[in-house]
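Undergrad: just a sequence and a predicted model for now, questions to come.
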4 protein chains.
Amino acid sequence: MIRLREERKSKWNSLMKEGLHQAVVKVLTEQGLSGLTMERVAKEAGIAKGTLYLYFQDKEELLQSAVQSSMEPLEQELDKILDSELSPNQKLEAIVQQSLSYFEANRNFFRVFLNPEFTGPRMNREGKDRHRRLVASVAQVFKEGVERGHFRPLPDLKAAGVFVMGCAAMIQARLWEETPPPLAEDAQLFLDIFFQGVAEEGAKR
Amino acid sequence: MIRLREERKSKWNSLMKEGLHQAVVKVLTEQGLSGLTMERVAKEAGIAKGTLYLYFQDKEELLQSAVQSSMEPLEQELDKILDSELSPNQKLEAIVQQSLSYFEANRNFFRVFLNPEFTGPRMNREGKDRHRRLVASVAQVFKEGVERGHFRPLPDLKAAGVFVMGCAAMIQARLWEETPPPLAEDAQLFLDIFFQGVAEEGAKR
Amino acid sequence: MIRLREERKSKWNSLMKEGLHQAVVKVLTEQGLSGLTMERVAKEAGIAKGTLYLYFQDKEELLQSAVQSSMEPLEQELDKILDSELSPNQKLEAIVQQSLSYFEANRNFFRVFLNPEFTGPRMNREGKDRHRRLVASVAQVFKEGVERGHFRPLPDLKAAGVFVMGCAAMIQARLWEETPPPLAEDAQLFLDIFFQGVAEEGAKR
Amino acid sequence: MIRLREERKSKWNSLMKEGLHQAVVKVLTEQGLSGLTMERVAKEAGIAKGTLYLYFQDKEELLQSAVQSSMEPLEQELDKILDSELSPNQKLEAIVQQSLSYFEANRNFFRVFLNPEFTGPRMNREGKDRHRRLVASVAQVFKEGVERGHFRPLPDLKAAGVFVMGCAAMIQARLWEETPPPLAEDAQLFLDIFFQGVAEEGAKR
DNA sequence: CATGAATGAGGATTCATTCAT
DNA sequence: TATGAATGAATCCTCATTCAT
């Protein structure tokens, strides 16, 4: 009995939080970070200001939570790819495609979200951690690729860094563009450059 | 007579603005974007709060102006490189080095500055324009390189985009790192990957 | 039948209120007046916030009631003393001892409670009444003492006032002290001074 | 030149603060501690809310300052008495009179101010310190009186405590009374009791 | 030109109280 | 009866901007 009620409560709580995350994203998207006020989030969510504080300790936690929940799906996708049986090349390919398409789907939000000083030091740490984790994972993939003879023996962490950064840069560029080209195209181009380089065969040193 | 006075006035005005820009950068660097108040800028510059409004319409304009003036030296350097007699390869090399070292020298400031929603829509437009101009310039270099047989015939704007973005990503990564490796190393690594790709010779498709 | 149910209901009601009073005292003691929230009282009592409103109209009434109920035991003790067959001196002695020990036992609570503006005008009236009643009672004792030749013929209400106030002051002093001396000692000292005065025999005018 | 301006500024500042203290006292008197809001103080003083923060860091400092400034005149009077050439008896007499008349003149304010948990721990410490200092001073007077043979050899700190407390109690009683008797009368009565005690000559043990 | 005191809109947060379940 | 989620008025404090000197 009690068990059931607890469960329902918890479910409701999750739903509520999810709704609030969306409200945050909406406000963030429409008004920017500096336009993100508790008042507006509440109004957007159709609840009272005070109610926000039933679900989140304060503004920071609300923001934290919204961002975290926004990144989760992508992170799970990437984890799935990293744990899969694909070859290193295929993994990197899949990562690029997933990332680009995910960010593409959330253009406006991430335009704001990809902001280093988003919400003070705590957030920064979180953000950095996320980035580091991803780079480390990709480095693993790269190392494997080197061992299998797919990649040149470049420093794996560095190469992974360039990969992740390049990919992020591509995403950011797409966010800046008003009418970006088809996603797959950019993905392919980036992979081509990352794998083959831009230099002409004969011109290679 | 009047002419002279006008001129002196204008010069004084410029000097003043320059000083205020520096004050903005200092405050921004030390206190972050959310710590940037007119009060602090004024105190840092050693003038009164009200005086700021004699030189700038409002906070936004002050910030705009400061950022613009912070980017100028780099942009001039890059223009010099682009207009030089260097080979395309050398130009790209120089661009990477200049950019990295410039941002490196202003780490803390740009950590804040590289913030998309920095100061509302006006800034965004400015930022986008800057980026486009740079990409266009690099595209020119790339096109020349293709014509001279240095680079593979890839779409020049796209390749330039990847180049600029990758470079920017590298910069951002360095901004995130607490103790980044020697600058030249990262520059070289990036160029190597951009030129040669990561794929092993034999593995190339 | 109905009568019985009514009675049981009333008893339950009383018990509940008693528990809530204790919760109020606990919270007040631990968190101070400004830390007294309905939420905390409810949690302390192990009930829901809304339930408080089934027993008390609002926060003020709850507080009133708790304070009133906290003072009752002492007042009954004092009434017993006043109605007893003790001599005036002994009565005063007993009053001092009872008061000191009672407040001593509830140090922390009364540290908060001895606050004139505790809860608005209603409380003040209550408090004043309490004080007046006590002074009047003591005045009776004093008058009796004068009649019996124990005390000098001073204005009884005034002397009673000094007595009560001095006693209250002693209590307050003890509340302020972090490690007050043994209770009996202060009680004795106060009575000594009140009865004999501080002046040296020979120096008396 | 600059010196003069500085001076005038400082003077203005003091005047302003003084005015704000008065506003605090007024609001406190009329609305009680819980009715003391920055908004009301500002309105009472005829300035904007924000202006308060030009003179005081926050609410606590404002309150602190108002209280301190309200106590200062009395404290100076008492210091003067303590440092004078009067005999111990006369000093105590003077203290009682000064205190009673001072508090009498500020009845309403002190009705609120004599509140132990006035504004959190900092205030408490201040309040306690004030009380301790006064008790210590009076103890000195008392000790001197004992040495000169005016007073019985009672523990000086304790006796001083009773004196101060009794006096404070008298004050508080007067604050509670709606139409207190002439001040001098109460002062004399208190001194009489404190010096001679209430016991009848013959009844003394 | 320069000043800096004054302003007041705006934002985060708390908490007594209500009411649907 | 009991609950506790929801409310929103109230409060403290910040800071861009103005304006009298």
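TA: Perfect, I can see it now. Residues are numbered from 1 along each chain as shown, chains lettered A, B, ... in the order given.
Undergrad: domain-wise, how is chain A divided?
TA: If you go by automatic domain parsing, the domain ranges for chain A are A:1-56, A:70-203.
Undergrad: and the longest one, average pLDDT?
TA: I take that to be domain A:70-203. Averaged across domain A:70-203, pLDDT comes to 81.
Undergrad: hmm, it in reach of DNA strand F?
TA: No. Judged by C-beta under 7 Å from any atom of the strand, domain A:70-203 stays clear of DNA strand F, getting no closer than 13.0 Å. All C-beta spots, glycine's among them, are computed from the backbone N, C-alpha and C.
Undergrad: again with stretch A:23-36
TA: No. Stretch A:23-36 stays out of contact with DNA strand F when judged by C-beta under 7 Å from any atom of the strand, the minimum separation being 10.4 Å.
Undergrad: so for that stretch, what gets flagged as buried?
TA: Neighbour-count burial for stretch A:23-36, counted by 16 or more other C-beta atoms under 10 Å in any protein chain shown, picks out A:23, A:24, A:25, A:26, A:27, A:28, A:29, A:32, A:33, A:36.
Undergrad: in strands only, show me those.
TA: Judged by DSSP state E, strands contain none of the buried residues of stretch A:23-36.
Undergrad: now flag whichever of those is closest to chain B.
TA: Nearest to chain B, judged by C-beta to the nearest C-beta, of those is residue A:32 at 4.7 Å.
Undergrad: confidence score at that closest one?
TA: In this model, residue A:32 is scored at 83, pLDDT.
Undergrad: now do residue A:186 against chain C, distance only.
TA: Distance, residue A:186 to chain C, using C-beta to the nearest C-beta, to the nearest Å: 54 Å.
Undergrad: what's the answer for residue A:12, then?
TA: Remark: distance between residue A:12 and chain C (C-beta to the nearest C-beta) = 18 Å.
Undergrad: element containing that residue?
TA: Using DSSP states H and E, residue A:12 maps to helix A:2-31.
Undergrad: any idea which helix or strand comes after that helix?
TA: Elements were assigned by DSSP H and E; along the chain past helix A:2-31, the next helix or strand is helix A:38-45.
Undergrad: who are the packing partners of the helix or strand that that following helix is followed by?
TA: Going down the chain from helix A:38-45, the next helix or strand is helix A:49-55, by DSSP H and E. If you count contacts as 3 or more C-beta pairs under 8 Å, 6 or more residues apart in numbering or on different chains; DSSP states H and E, helix A:49-55 packs onto helix A:2-31, helix A:38-45.
Undergrad: rerun that using 10 Å as the cut-off
TA: When contacts are defined as 3 or more C-beta pairs under 10 Å, 6 or more residues apart in numbering or on different chains; DSSP states H and E, helix A:49-55 packs onto helix A:2-31, helix A:38-45, helix A:59-83.
Undergrad: contacting residues around the second one?
TA: So the one you mean is helix A:38-45. By C-beta atoms under 10 Å, 6 or more residues apart in numbering or on different chains, the surrounding residues in contact with helix A:38-45 are A:16, A:19-28, A:30-31, A:37, A:47-53, A:55-56, A:58-59, A:62-63, A:66.
Undergrad: and if we set it to 6 Å?
TA: A:19, A:20, A:23, A:24, A:26, A:27, A:49, A:52, A:59 (C-beta atoms under 6 Å, 6 or more residues apart in numbering or on different chains).
Undergrad: confidence score at the residue in chain A that chain C sits nearest to?
TA: Closest to chain C within chain A is residue A:54: 11.8 Å, counting by C-beta to the nearest C-beta. Looking at residue A:54, its pLDDT reads 97.
Undergrad: how far away is the residue nearest the centre of chain A from residue C:197?
TA: Nearest to the geometric centre of chain A sits residue A:71, at 4.8 Å (C-alpha atoms, centre = their mean). Separation of residue A:71 from residue C:197 (C-beta to C-beta, to the nearest Å): 80 Å.
Undergrad: also residue A:63?
TA: Residue A:63 is 70 Å from residue C:197, by C-beta to C-beta.
Undergrad: ok, back up a step: separation between the residue of chain A closest to chain C and residue C:193?
TA: Taking C-beta to C-beta as the measure, residue A:54 falls 57 Å from residue C:193.
Undergrad: comparing the two, which shows the higher neighbour count?
TA: More neighbours surround residue C:193 than the other of residue A:54 and residue C:193, with 23 against 10 (other C-beta atoms under 10 Å in any protein chain shown).
Undergrad: could you check the helix or strand that one falls within and say which residues are buried?
TA: Per DSSP H and E, residue C:193 falls inside helix C:183-196. By neighbour count with 16+ other C-beta under 10 Å, helix C:183-196 contains the buried residues C:183, C:186, C:187, C:189, C:190, C:191, C:192, C:193, C:194, C:195, C:196.
Undergrad: ok, so of those, who is nearest DNA strand E?
TA: If you rank the buried residues of helix C:183-196 by distance to DNA strand E using C-beta to the nearest atom of the strand, residue C:183 comes first, at 34.3 Å.
Undergrad: so that closest one is in contact with residue C:98, correct?
TA: No. In this structure, residue C:183 is not within contact of residue C:98 by C-beta atoms under 6 Å, at 10.8 Å.
Undergrad: quick one on the thing from earlier: now do the residue nearest to the centre of chain A against residue A:21, distance only.
TA: Counting by C-beta to C-beta - residue A:71 and residue A:21 are separated by 11 Å.
Undergrad: just checking, residue A:198 touches residue B:150?
TA: No. Shown here, residue A:198 and residue B:150 do not form a contact pair, counting by C-beta under 6 Å, at 8.7 Å.
Undergrad: neighbour-wise, which of the two wins?
TA: residue A:198 (24 against 19).
Undergrad: what about that one, distance to residue B:53?
TA: 50 Å.
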